[in-house]
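In: Got a sequence here, can you build the structure:
(2 chains)
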Amino acid sequence: MKSEFTQPIGKISNINGQCIPLIGNDIDTDRIIPARFLKCVNFDSLGESVFADDRKKLKGKHPFDLKENKNASILVVNSNFGCGSSREHAPQALLRWGIKAIIGESFADIFYSNCIAIGIPCFTLTKELIQKIQKHKDDKFLFLEIDLKKSLAKSKDLNFNLEIKESSRKMFLSGEWDATSTLLENESLIENKCNDLPYLEFNNYLL
Amino acid sequence: MSQDTLFDKVWDLHKVSRLPGGSDQIFIGLHLIHEVTSPQAFGALKDKNLKVKFPNRTVATVDHIVPTDDQSRPFKDDLAEQMIDTLEKNCLEHKIRFFNIGSGNQGIVHVVAPELGLTQPGMTIACGDSHTSTHGAFGSIAFGIGTSQVRDVLATQTIAMNKLKVRQIWCDNKLSKGVYAKDLVLHIINELGVKAGVGFAYEFAGPAIDELSMEERMTICNMSIEGGARCGYINPDEKTFSYIKDKLCAPQNEHWDKALAWWESLKSDENSIYDDVIKLDASKVEPTVTWGITPGQSISINEQIPLLNDLSPNDKLVAKEAYEYMSFKPGQYIKETPVDVCFIGSCTNGRISDLRVAAKVLKNKKISKNVKAFVVPGSEKVATKAKQEGLDQIFKESGFQWREPGCSMCLAMNSDKLIGNQVSASSSNRNFKGRQGSPSGRTLLMSPAMVAAAAINGKVSDVREFIN
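Out: Numbering: from 1, shown residues only, chains lettered A, B, ... in the order given. Reported below is the predicted structural model:
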């Protein structure tokens, strides 16, 4: 785990970093951060516990423990990554370990929205390309430069397009991925919507 | 793109605006919170100097961390105590209704809201918990959110979200005797796969779904997320309306008729358009048990664990991992697998009807001496009702421990955990590696009736042999 942690903020248009491959389909959020670490009232200390059980089992051989991955920041995963529990603790733990972007075959819906909400862009690629990156050993590791404006990634010898939801891409480029203030701008529309809801009048308990 | 489905109607009704990025701003009619995913959200509000916008649209209870044996305060676990204390303070400060332990209405958030009548057709419901899909059983659009989105709902009562596609899962005929909603939903997840639902809302429909009780429908919608669908729902009908009627928060008097007329109008139109339709025959479903490490890895009670070559290339990687983790051999029968722990409870199967079914199997029987078995009612209301019906006695006489309500060993955030590589027969929803509290613990998901049968025999059994 990196010593200094800085929360992402504002516009995100370029991510340059070393890739860390993590092989496996359907890696769930219980594995990313086991439930016992959810007993906390802030996210601060989650970084060191990311993949706690998987790492313990592999006794230093888990990608997150390998010396060569110490400074990695782009996680490369397979399909349905982050399935299961909605715990934001999972991407928060990855972020605090040092992950700044994730490239995968596919992501679970809630995990994906959690990543976007905390400033981790998630990109998709074909299975073949993912496997190529995961196996890339030329320099022991792969250093990627991601350009979000062009949805492009390049390394010394690789060049490929990355897929990302257009709404997410726009949010990162404009810096509006931290949604609260954007949502609050529509305060009067929210009030109107609330007053228009048919169940307002007969939901006598809540209101 | 789907048109005129219940999902489309409810989504459009709650749409506040189209955001600059292209996603929709959606109003959340009911926000449910609990102790695990809310403290950081309240913290973020404080940091941003924001207030809770509509405190009366958020309801809180405590479920994930509560001990199920000794619930006296302070809890023995300091961290658990800190979490409940933080929730109490946040609810007090922001004037949020909180159903605490001992209120008579505490319990698993997805059990509590429907039994209070808070969950109603046509609402959007969000909660920092993936099993929020449960509430879709009432024809509401309900989905799990992360903590940042909990913050957004507290601050604005809205979230930013891309509209989901709609897949109808049409279930023909009806379930056979000894086959339950849990078996059906495990079967569906197995058929479609654990990621088929990504980007979709699932509409469950057809004669087999119509036939189900409200509590069974909740079991189905609850596990939509295990099939990758963040949201699952069922069109409301007479059963829905009569379940809600006279509940504490149900529409009263003249409002009832208005509500009813509106709810009727929400159903997916007969000629509505779906992004996808899947049909299956519910009468073919048999008691189903998971053998692996995802809820999609399941087989019928009399089937063998699949051989690697029988699986699609995409499923092979996880299957290999599963054989190793579970210490199962391909081709091995699941029936007769010895179990160490039997758990009945959770937001999937911790309701009164689940307890009734299990108690019926256990009546006048003793569980195996090799098994530790416990039942955790889904809520204080479920516990009270069960006691009135004498179900607690049946459980206790059979050898089951009777516990206090909470999430318990579904995710093992309290002291109810597997030890070492114990095998559990569990009525919960996830068989992920380490899910039930031991990093090498093994979970077999099944219906509560099947858990009861496994407890009696000390091994995975066919409940149909007990009920004929």
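In: Give me the contact list for the helix ranked longest in chain B.
Out: Using DSSP state H, we find that the single longest helix of chain B is helix B:78-94. Taking contacts as C-beta atoms under 8 Å, 6 or more residues apart in numbering or on different chains, the residues outside helix B:78-94 that touch it are A:39-41, B:33-36, B:38-39, B:42, B:51-52, B:55, B:58, B:60, B:62, B:65-67, B:73-75, B:96-98, B:100, B:154, B:413-414. In this view, the C-beta of every residue, glycine as well, is placed from N, C-alpha and C.
In: Whichever of the residues you listed end up buried, select them in PyMOL.
Out: Restricted to buried positions by 16 or more other C-beta atoms under 10 Å in any protein chain shown, the PyMOL selection for these reads:
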select buried, (chain A and resi 39+40+41) or (chain B and resi 33+34+35+36+38+39+42+52+55+58+60+62+65+66+67+75+96+97+98+154+413+414)
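In: Now do the closest residue to B:Ile419 other than its chain neighbours, the pLDDT please.
Out: Once flanking residues are discounted, B:Ile419 sits nearest to B:Ser438: 5.8 Å by C-beta to C-beta, 6 or more residues apart in numbering or on different chains. Per-residue confidence (pLDDT) for B:Ser438: 98.
In: B:Ser438 against B:Asn421, yeah?
Out: Yes. Between B:Ser438 and B:Asn421 there is a contact under C-beta atoms under 8 Å: 7.2 Å.
In: In terms of packing, which of the two has more residues around it?
Out: Counted by other C-beta atoms under 10 Å in any protein chain shown, B:Ser438 and B:Asn421 do not tie: B:Ser438 has more neighbours, with 19 against 14.
In: Need the CA coordinates for stretch B:114-121. PDB is fine.
Out: C-alpha atoms of stretch B:114-121 as PDB (Å, rounded to 0.1, in the frame of the first residue of the first chain):
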ATOM      1  CA  PRO B 114     -42.700  -4.300   3.600                       C
ATOM      2  CA  GLU B 115     -44.200  -5.400   6.900                       C
ATOM      3  CA  LEU B 116     -44.700  -1.700   7.900                       C
ATOM      4  CA  GLY B 117     -46.400  -1.000   4.600                       C
ATOM      5  CA  LEU B 118     -43.700   1.400   3.700                       C
ATOM      6  CA  THR B 119     -43.000  -0.500   0.500                       C
ATOM      7  CA  GLN B 120     -45.700   0.300  -2.000                       C
ATOM      8  CA  PRO B 121     -46.200  -0.100  -5.800                       C
END
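In: which residues touch it?
Out: A:199, A:203, A:205-206, B:30, B:32, B:59, B:105, B:107, B:112-113, B:125, B:134-135, B:137-140, B:142, B:214, B:218, B:236, B:240, B:243-244, B:246-251, B:259, B:263, B:266, B:379, B:381-382.
In: Show me just the buried residues among those residues.
Out: Neighbour counting with 16+ other C-beta under 10 Å marks A:199, A:203, A:205-206, B:30, B:32, B:59, B:105, B:107, B:112-113, B:125, B:134-135, B:137-140, B:142, B:214, B:218, B:236, B:240, B:243-244, B:247, B:249-251, B:259, B:263, B:266, B:379, B:381-382 as buried within the contacts of stretch B:114-121.
In: buried residues in the longest strand seen in chain A?
Out: The longest strand of chain A (DSSP state E) is strand A:14-21. Buried residues in strand A:14-21, counted by 16+ other C-beta under 10 Å: A:15, A:17-21.
In: which among those residues gets closest to chain B?
Out: Nearest to chain B among the buried residues of strand A:14-21: A:Pro21, at 14.0 Å, using C-beta to the nearest C-beta.
In: Next one: the closest residue to that closest one other than its chain neighbours from chain B, what distance?
Out: Spatially, and ignoring its direct neighbours in sequence, A:Pro21 is nearest to A:Gln134 (3.8 Å; C-beta to C-beta, 6+ apart). According to C-beta to the nearest C-beta, to the nearest Å, A:Gln134 and chain B sit 12 Å apart.
In: Need the contact partners of the host helix or strand of A:Gln134.
Out: When elements are assigned from DSSP states H and E, A:Gln134 belongs to helix A:127-135. Here helix A:127-135 makes contact (C-beta under 8 Å, 6+ apart) with A:19, A:21, A:23, A:76-79, A:103-105, A:125, A:142, A:158, A:160.
In: what ranges do the strands span in the stretch 351-468 of chain B?
Out: Along the stretch 351-468 of chain B, counting by DSSP state E, counting those that start in this stretch, strands occupy B:372-375, B:401-402, B:423-426, B:442-445.
In: Redo the ones you listed as a markdown table? Include mean neighbour count, distance to chain A and mean pLDDT.
Out: As requested, these are arranged in a markdown table below (neighbours: other C-beta atoms under 10 Å in any protein chain shown; distance: least, C-beta to the nearest C-beta, whole Å; pLDDT from 0 to 100):
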| stretch | mean neighbour count | distance to chain A | mean pLDDT |
| --- | --- | --- | --- |
| strand B:372-375 | 25 | 18 | 98 |
| strand B:401-402 | 16 | 21 | 98 |
| strand B:423-426 | 27 | 14 | 98 |
| strand B:442-445 | 28 | 11 | 98 |
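In: can you tell which of the ones you listed is closest to B:Gln168?
Out: strand B:442-445 (24.8 Å; C-beta to C-beta).
In: Filter the buried ones among the contacts of stretch B:114-121 down to the ones in helices?
Out: Members of the buried ones among the contacts of stretch B:114-121 lying in helices (criterion: DSSP H): B:112-113, B:214, B:218, B:240, B:243-244, B:259, B:263, B:266, B:381-382.
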